[in-house]
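> Let me see the structure of the following:
(2 chains)
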Amino acid sequence: MDKGRENPQHRWLSFAGEPVDDNTILIQRTLRSGQKVHYDGNIVIIGDINPGAEVVATGNIIVMGAVRGVVHAGAGGNEKAMVLAFRLEPTQLRIAGHITRPPDGQSSKPEQPEVARIKNGVVTIEIFNGERQG
Amino acid sequence: MGEVIVVTSGKGGVGKTTTTANLGAGLATHGHRVVLVDADIGLRNLDVVLGLENRIVYDITDVTGGHCRLRQALIKDKRFEGLFLLPAAQTKDKTAVSPDQMKALCEELKQEFDYVIIDCPAGIEQGFRNAIAGADKAIVVTTPEVAAVRDADRIIGLLEAAELRDPRLIINRIRPRMVRHGDMMSIEDIIDILAIDLLGVVPEDEMVVISTNRGEPVVQDERSRSGQAYRNIVRRIKGEAVPMMNLDEGGFVSRFLRRMIGLS
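Reported below is the predicted structural model:
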């Protein structure tokens, strides 16, 4: 990582008047059982998060694949963080201090990309329709 | 020079040893020189499955420890021309061999044999690290159970970390009828999670239990479906393109009925 990125003044670039967070890593592989990624920022994964794998980010987690393991977005307490995935079927999903798991018994197979975030103090999962979140 | 293939799974009891024995016997019947290495030191089984237990004099730790020559420890299987076994020690533990010693041993065996097949112990500790140390390729065995698939996934991650790329998968003990009724994971479910190449599928078969207890690999049983599955896998290892076996067996009646109502 270059020096400029560590300087907090450079962490926020301006793009069309909106702040852009450049503190993001890209992971281009499937995380398998027993593998763990922890990052201070956003995580984008091209691949799956398999059962038994763990992904923790202080920012958002975006998965171009299936989430079957444990994901934790906003791990520093950021309640605006979200988890977005092509197939969101996690073992457990955490955002900031909220811990959720899928309902017992029924196994739903999501057909569309979904996004999980906190709405009115509750973790809510909705179909991702491409709209800008926030 | 031959190639070293490790047969591994993570979970115990999914059929690593049975697979190793059958692949070895199968490759030998195709005229290859094959040595099977039992890396499960302290819990040796491969000799029993092959029916060679009573012929062990020296074992793998005698070879790595320099107590005998490699040639002395190799047991020739008289039923299969070209098949040899390097047995594990039963009175020692996994620390009796180091990864470097295994690497050197595999290098030596590769000079003489077309295939060196290593039967890996269950687990991810030193026994596993020893078994994969000298391997060129890996075969991951799993059964259609959530726990076995989970462990296989962990093992694939560890193999990748050890630079053993592109392992191939054998799904063992599948029961097509249970899969059809939605009571067992299907081949597609397993591939969906593990995302590696499928080398073959072995159906659940009582003949495996019978042949294992007799010390006769089922691969030589012309009538059994599991034997056919292993023979197909052997040909795929040799590089032949063999189509996947149709697992929807059923009896004659159900096959007939399904044809009548247009399902097949």
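> B:Gly12 - that's part of a helix, no?
No. B:Gly12 is assigned coil when assessed by DSSP: H, G, I helix; E, B strand; the rest coil, not a helix.
> Give the partner strands of the host helix or strand of B:Leu36 in its sheet and their orientations.
Element membership of B:Leu36, judged by DSSP states H and E, is strand B:34-38. According to DSSP bridges, strand B:34-38 forms sheet pairs with strand B:83-86 (parallel), strand B:115-119 (parallel).
> Could the C-alpha coordinates of the last one be exported in PDB?
Output in PDB follows, covering the C-alpha atoms of strand B:115-119 (Å, rounded to 0.1, in the frame of the first residue of the first chain):
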ATOM      1  CA  TYR B 115       2.000 -44.600 -10.200                       C
ATOM      2  CA  VAL B 116       2.700 -44.000  -6.500                       C
ATOM      3  CA  ILE B 117      -0.600 -43.800  -4.700                       C
ATOM      4  CA  ILE B 118      -0.500 -42.500  -1.100                       C
ATOM      5  CA  ASP B 119      -3.300 -43.400   1.400                       C
END
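> can you list contacts of the next helix-or-strand element following that strand?
For strand B:115-119, the following helix or strand on the C-terminal side (DSSP H and E) is helix B:126-133. Around helix B:126-133, the neighbours that count as contacts under Cβ atoms under 8 Å, 6 or more residues apart in numbering or on different chains are B:6, B:8, B:39-41, B:94-95, B:97-100, B:102-103, B:106, B:118-121, B:138, B:155, B:158-159, B:162, B:164. C-beta here means a position set from N, CA and C on the backbone, and glycine is covered the same way.
> Which of those residues are buried, as a ChimeraX select command?
If you want just the buried ones from these in ChimeraX, going by 16 or more other Cβ atoms under 10 Å in any protein chain shown, the selection is:
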select /B:6,8,39,40,41,94,97,102,106,118,119,120,121,138,155,158,159,164
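> could the strands paired with strand B:34-38 go into CSV alongside mean pLDDT and distance to A:Ser33?
Shown next, in CSV, are the strands paired with strand B:34-38 (pLDDT from 0 to 100; distance: least, Cβ to Cβ, whole Å):
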stretch, mean pLDDT, distance to A:Ser33
strand B:83-86, 98, 31
strand B:115-119, 98, 22
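> Out of these, which is the most enclosed?
Highest mean neighbour count of those: strand B:115-119, a mean of 27 (counted as mean count of other Cβ atoms under 10 Å in any protein chain shown).
> Just the CA trace of stretch A:110-123, in CSV.
Presented in CSV, the C-alpha positions along stretch A:110-123 are these (Å, rounded to 0.1, in the frame of the first residue of the first chain):
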residue,chain,number,x,y,z
PRO,A,110,-32.3,-17.3,-3.5
GLU,A,111,-32.5,-16.9,-7.2
GLN,A,112,-31.6,-13.2,-7.4
PRO,A,113,-28.9,-11.0,-5.8
GLU,A,114,-29.9,-9.9,-2.4
VAL,A,115,-28.7,-7.2,0.0
ALA,A,116,-28.7,-7.2,3.8
ARG,A,117,-28.5,-4.1,5.8
ILE,A,118,-29.9,-2.5,9.0
LYS,A,119,-33.3,-0.8,8.6
ASN,A,120,-35.0,0.6,11.6
GLY,A,121,-32.6,-1.3,13.9
VAL,A,122,-33.3,-4.7,12.3
VAL,A,123,-31.2,-6.6,9.8
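> one step back: among the contacts of helix B:126-133, which lie within helices?
B:99-100, B:102-103, B:106, B:155, B:158-159 (DSSP state H).
> of those residues, closest to chain A?
Top of the list for closeness to chain A, among the ones in helices among the contacts of helix B:126-133 and by Cβ to the nearest Cβ, is B:Leu158 at 7.5 Å.
> Just grab the bridge partners of the residue nearest in space to the middle of chain A for me.
Residue closest to the mean C-alpha point of chain A, counted by Cα atoms, centre = their mean, is A:Ile61 at 1.7 Å. Counting by DSSP bridges, A:Ile61 is bridged to A:Ile43, A:Val83.
> For the stretch 51-200 of chain B, what lies in contact range of chain A?
Residues of the stretch 51-200 of chain B lying close to chain A by Cβ under 8 Å from any Cβ of the partner chain are B:150-151, B:153-154, B:156-158, B:160, B:192-193, B:195.
> okay if I get those residues as JSON lines plus pLDDT and distance to B:Arg231?
Compiled in JSON lines, these are given as follows (pLDDT from 0 to 100; distance: Cβ to Cβ, whole Å):
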{"residue": "B:Arg150", "pLDDT": "97", "distance to B:Arg231": "30"}
{"residue": "B:Asp151", "pLDDT": "97", "distance to B:Arg231": "27"}
{"residue": "B:Asp153", "pLDDT": "98", "distance to B:Arg231": "28"}
{"residue": "B:Arg154", "pLDDT": "97", "distance to B:Arg231": "30"}
{"residue": "B:Ile156", "pLDDT": "98", "distance to B:Arg231": "26"}
{"residue": "B:Gly157", "pLDDT": "97", "distance to B:Arg231": "31"}
{"residue": "B:Leu158", "pLDDT": "97", "distance to B:Arg231": "30"}
{"residue": "B:Glu160", "pLDDT": "95", "distance to B:Arg231": "30"}
{"residue": "B:Asp192", "pLDDT": "95", "distance to B:Arg231": "27"}
{"residue": "B:Ile193", "pLDDT": "96", "distance to B:Arg231": "28"}
{"residue": "B:Ala195", "pLDDT": "96", "distance to B:Arg231": "27"}
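> just the buried members of those?
B:150-151, B:153-154, B:156-158, B:160, B:193, B:195.
> Next, the residue of chain A at minimum distance from chain B: phi, psi?
In chain A, the residue that lies nearest chain B is A:Arg32 (3.4 Å; Cβ to the nearest Cβ). Note on A:Arg32: backbone dihedrals following degrees, to the nearest 10 are phi -100, psi 170.
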